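Undergrad: how would this look folded up:
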Amino acid sequence: MKRTGVPKIFAVDVLERIRKELILYIFLFLLCWAGIFFIFPYMFPYLVHPYFNILKGKPLVFTSMEEALFVVLRATFYITFAITLPFLVFRLGKAISEEFYDYEKKIAKKLFFISIFFGIAGILVGYFLVIPFVLKIFLYFGKDFTANIRISSFLLFVLKVVFFCVLIFQTPLILAILVKEEIITEEFYKKRRLYFLGFFYGISVLIAPTDLFSQILLTLFFFLFFKVSFLVARFLA
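TA: Residues are numbered from 1 along each chain as shown. This next block holds a predicted model:
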């Protein structure tokens, strides 16, 4: 496989293009943030649906006058950042694309669209599978108590879980780059398969230190992503 060279992205003209793109992005971000802030009441039912689907009839609460406002500001900030981040990556990639070779431009485009695909998959898995599963576990341990959850805690919990799932689903992309650069090969993997499983389990223990089932599930996810990375690397070739 052909190794990817390091482009000269620190030239003055390239940095100038990057600066312009960042200014454009900040303007777009603020504009989208304002728009999402005003339509947030229509988005809110979908964000809290997993909670009310499990705890029917038990409302979320806020404990101070300004808490609801700051919750909306923080939630819409994270949502806006997630929506506009692909635009930022695309524009920055375009700004430095002149410094890439033709084959590197093709690889960069493929990486961008694959990253978007895995990001959307992470959002769907996080929202429909992980959040309900984790809620049931946490609420099970609190079954002897009365649930009185603050709206800020729950919304930030939802956003953190979704963001975490998006990051986890980028793992195949990172591993695919290592495979493409021949840092990891199929022969190397076959000889050290158990070491990889142990490494993935170690990461899972750090992520979920007290839940054996979650550790095993995360290990299987990482292992599956590692296998998928070989397919992604072939697509990037």
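
Undergrad: residue ranges of the helices in the protein, please?
TA: Taking DSSP state H, the helices of the chain run over residues 12-54, 67-96, 102-125, 131-141, 151-168, 171-180, 186-191, 193-207, 212-236.

Undergrad: any chance of these in JSON lines, with mean pLDDT and mean neighbour count too?
TA: Where you see a C-beta, it was placed from the backbone N, CA and C, and this is true even at glycine. Converted to JSON lines, the helices of the chain look like this (pLDDT from 0 to 100; neighbours: other CB atoms under 10 Å):
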{"stretch": "helix 12-54", "mean pLDDT": "89", "mean neighbour count": "14"}
{"stretch": "helix 67-96", "mean pLDDT": "86", "mean neighbour count": "16"}
{"stretch": "helix 102-125", "mean pLDDT": "85", "mean neighbour count": "15"}
{"stretch": "helix 131-141", "mean pLDDT": "78", "mean neighbour count": "14"}
{"stretch": "helix 151-168", "mean pLDDT": "85", "mean neighbour count": "18"}
{"stretch": "helix 171-180", "mean pLDDT": "83", "mean neighbour count": "20"}
{"stretch": "helix 186-191", "mean pLDDT": "78", "mean neighbour count": "11"}
{"stretch": "helix 193-207", "mean pLDDT": "82", "mean neighbour count": "14"}
{"stretch": "helix 212-236", "mean pLDDT": "81", "mean neighbour count": "16"}
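
Undergrad: now for those, which one comes closest to Val61?
TA: Among the helices of the chain, the nearest to Val61 by CB to CB is helix 151-168 (6.6 Å).

Undergrad: Other residues contacting that closest one?
TA: Contacts to helix 151-168, defined as CB atoms under 8 Å, 6 or more residues apart in numbering, come from residues 47-48, 50-51, 60-62, 67-68, 70-71, 74-75, 78-79, 82, 119, 122-123, 125-127, 130-131, 134, 221, 225.
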